[in-house]
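# Below are the sequence and a predicted model for it; my questions follow.
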Amino acid sequence: MIDTHPDRDQIQLQDVLSALANPLRMTIVRALATGGEQSCGSIVEGVSKSTLTRHWRVLRDSGVIWQQPSGRENLLSLRHDDLEARFPGLLDTILAAADREDGR
């Protein structure tokens, strides 16, 4: 596991909200919410590796995702349980609002 993940009790609301305010990061979170753990190269296409690396770091450092090395790639997964424990209902509410905005 990459060592910059905050512990559950270190996850801050303002960091989570800031991370989720970016449309590309929200797309990543929605993909992880519906598809479970995925390799970093399989979630978003057409975005440079350096740009994605920055987004992975923001999501990881804010406590929204786990990032775990697996061979030559990293596996990403949503920290749903940790976010639910810290901020009950927040992530589900945000995901549901994003779905409504997209007409899903």
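Received, thanks.

# drop to CA atoms for contacts and neighbour counts, all remaining ones
Noted.

# give me the low-pLDDT residue ranges for this protein?
1-3, 104 (pLDDT under 70).

# Which parts of it are strands?
38-39, 65-70, 73-78 (DSSP state E).

# name the helices or strands packed onto the second one?
Strand 65-70 makes packing contacts with helix 49-62, strand 73-78 when contacts are defined by 3 or more Cα pairs under 8 Å, 6 or more residues apart in numbering; DSSP states H and E.

# can you state the direction angle for that strand and helix 49-62?
Using axes from the mean of the first three to the mean of the last three Cα atoms, to 10 degrees, the inter-axis angle of strand 65-70 relative to helix 49-62 is 120 degrees.

# For strand 65-70, list every residue counted as buried.
65-68 (16 or more other Cα atoms under 10 Å).

# Next, format these as a markdown table and append distance to Val47.
Shown next, in a markdown table, are the buried residues of strand 65-70 (distance: Cα to Cα, whole Å):
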| residue | distance to Val47 |
| --- | --- |
| Ile65 | 19 |
| Trp66 | 20 |
| Gln67 | 18 |
| Gln68 | 21 |
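
# quick one: contacts for Asp61?
Taking Cα atoms under 8 Å, 6 or more residues apart in numbering, we find Asp61 in contact with 4-6.
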